[in-house]
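1. What follows is a protein structure lacking sequence information:
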């Protein structure tokens, strides 16, 4: 019995750690974007996204610790950005704000898919299920806002 509980908490923590790394990654991408662009409204949008992702990471770390597992450390994954943020890096050099925003939205859409994938797991404890749903809805809301307000860059 104890063995099953261990495996279960480890399984959940592994999933949460995957999301944790993606949130670190998105935060890094947004912070990099803030340094790269001049548009103040866009900087504000990226600042909000970066602090939101930082908050998500804190919440995920708390849950992982609650399961007696170790959360990934922001510094422990070798600074390699997730594929969704790779193309964003190349856009920085062009300083094309519209393209940077579109790429950021693509990154957020990929995050949504990852959240949806984990939320399909019907064995998640209710507390984690509701935390992930809350984070997913916040990401969705930011995408919706940006799609409506793409005039930010025009």
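-> Nice, thanks for sending it over. Since the model is a prediction, treat every value here as computed from it, not as a measurement.

2. Which neighbouring elements make contact with the longest helix along the chain?
-> Determined from DSSP state H, the single longest helix within the chain is helix 2-36. Judged by 3 or more CB pairs under 8 Å, 6 or more residues apart in numbering; DSSP states H and E, helix 2-36 is in contact with helix 40-66, helix 83-94, helix 97-119, helix 126-148. In short, each C-beta sits where N, CA and C put it, glycine included.

3. repeat that for 7 Å
-> Secondary-structure packing of helix 2-36 (3 or more CB pairs under 7 Å, 6 or more residues apart in numbering; DSSP states H and E): helix 40-66, helix 83-94, helix 97-119.

4. Out of these, which is closest to residue 145?
-> When these are compared by CB to CB, helix 40-66 sits nearest residue 145, at 8.4 Å.

5. that older thread, what's the spacing between the longest helix of the chain and its chain's center?
-> Centre-to-centre, helix 2-36 and its host chain are 8 Å apart (CA atoms, centre = their mean, to the nearest Å).

6. Quick check: buried residues in it?
-> In terms of neighbour count (16 or more other CB atoms under 10 Å), helix 2-36 has its buried residues at 9, 12-13, 15-17, 19-33, 36.
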